[in-house]
Structures are given as structure tokens and as C-alpha cells.
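Undergrad: Show me how the following folds:
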Amino acid sequence: MEALFVSTLVVAIAEIGDKTQLLAIILATRFKKPVPIILGILVATLANHALAATAGYWVSGLLSGAWFQWAIAISFIAMAAWALIPDKADDEDGSKAGRYGVFLTTTIAFFLVEMGDKTQIATVALGAKFHSIAWVAAGTTLGMMIANIPAVYLGEAATKIVPLKYVRIGAALIFLGLGIWGIAQAAGVFR
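TA: Numbers count the residues shown, from 1 in each chain. As a prediction, the model looks like this:
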């Protein structure tokens, strides 16, 4: 359950102001069809984050030892720094549904935009840390949905509820805390 809780919390906070959340807002304001957009986000996130958690799990199984624990801890600290950098949405994201419709357009766009995104990288690191594909993928997907469903329904107004600067700082502090915790574990402080 720790994997589910931590994964949900980390990704829900990290997703606020992220490029995929901005994509959700763009799609919502363009198409004004929240249900197919939300379902597209869900399907894309489940697929993307299941693959990311699996990658983290496999990497942790192949690479073990103290140096790997240090690498995971440092990756969380790097994520803390990355979380402080604001994302910008592309002007072309979500501009046309074309022949694929809103659901498929959202699913494809979300899956592709999430590739290499900080929440996907965090999912890989969480999969490596917790050695649990299902709980990590479920948690990170839940976190994405917690952050993106309000964005879809509130559109641009969602970005004005909480100043994104403070959300980025909060996400950075969570990643930093996970990194420091990992360093303490790797150093043998909690043995």
C-alpha cells in the first residue's frame, strides 16, 4: 500500500502544471467533451505508466547493490530540480481531432506527450524503488487522474486555483524528500 500511496501523491502533485496537464486543458477547451478526454487520458496513462513501472522493476532486478540504491536516490533529487522548471504547452497540441475522434486523439496525444515526461521518469524510479509494477502503475495513474480530471472540467480556470509556482515547489520538496530518504537508506542510516 505504501507504493500506491507514495506513487499517487508524488504524481498528483508533480502533474500540476505539467505539459500533459496543459494538454488536458487545451483538449478540454478545444473539444468541450470531457468524458472521451478523461477516458483517453486514463487509457494512455495506464499503458504508459504500466510500461514505465515495468521498466523500473526490471532495471531494479538486473541492477542491484548499493550503487543502484544511490542512483535511484539521486534520480529523485534530479526530479526535484526538474519539477521546479515550468512546462509550456505546444501551440499544436490538441488542435485537431481529425478522423480519429476525441477519445483516440486524446489517447495518442497523451501517450506520446507523456514519453520522457517527469511523471513517466518518476514512475520508472518508483517502480525500481518499490519493486511493484501493479501498485506503482495504479498509484501513478490515480495521481494523473486526480490532477487531470479537474483540469478537464475546469479548463483554463484550473491553472488559477493554485499558483503553479507553489505546486512546483511542493512537488520538488516531495522528490527531494524521497531522494534524501533513499540516500539515508543507501548509507545504512535505517538498518
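Undergrad: which regions of this protein sit below the pLDDT cut-off?
TA: 63-65, 83, 86-99, 156-164, 167, 191 (pLDDT under 70).
Undergrad: how about the helix ranked longest in it: buried residues?
TA: Looking across the chain with DSSP state H, the single longest helix is helix 34-62. Neighbour-count burial for helix 34-62, counted by 16 or more other C-beta atoms under 10 Å, picks out 34, 36-38, 40-57, 59-60. Any C-beta I mention is one placed from the backbone N, CA and C, and that applies to glycine too.
Undergrad: what's it packed up against?
TA: Contact partners of helix 34-62 among helices and strands, from 3 or more C-beta pairs under 8 Å, 6 or more residues apart in numbering; DSSP states H and E: helix 19-31, helix 101-114, helix 118-130, helix 133-154.
Undergrad: Of those, which stretch is the most buried?
TA: helix 118-130 (a mean of 25; mean count of other C-beta atoms under 10 Å).
Undergrad: Quick check: residue 183 vs residue 190, distance?
TA: Going from residue 183 to residue 190 by C-beta to C-beta, to the nearest Å gives 11 Å.
Undergrad: Among the two, which residue is more densely surrounded?
TA: Taking other C-beta atoms under 10 Å, residue 183 and residue 190 do not tie; residue 183 has more neighbours (17 against 8).
Undergrad: mind checking which helix or strand the more buried one is in?
TA: Residue 183 belongs to helix 164-186 when assigned by DSSP states H and E.
Undergrad: The most centrally placed residue in the chain and residue 13: what is the separation?
TA: When C-alpha atoms, centre = their mean is applied to the chain, the residue found nearest the centroid is residue 119 (2.5 Å). To residue 13, residue 119 is 10 Å away according to C-beta to C-beta.
Undergrad: For the helices and strands packed on helix 34-62, give me CSV that also has distance to residue 175.
TA: Formatted as CSV, those follow (distance: least, C-beta to C-beta, whole Å):
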stretch, distance to residue 175
helix 19-31, 17
helix 101-114, 18
helix 118-130, 7
helix 133-154, 13
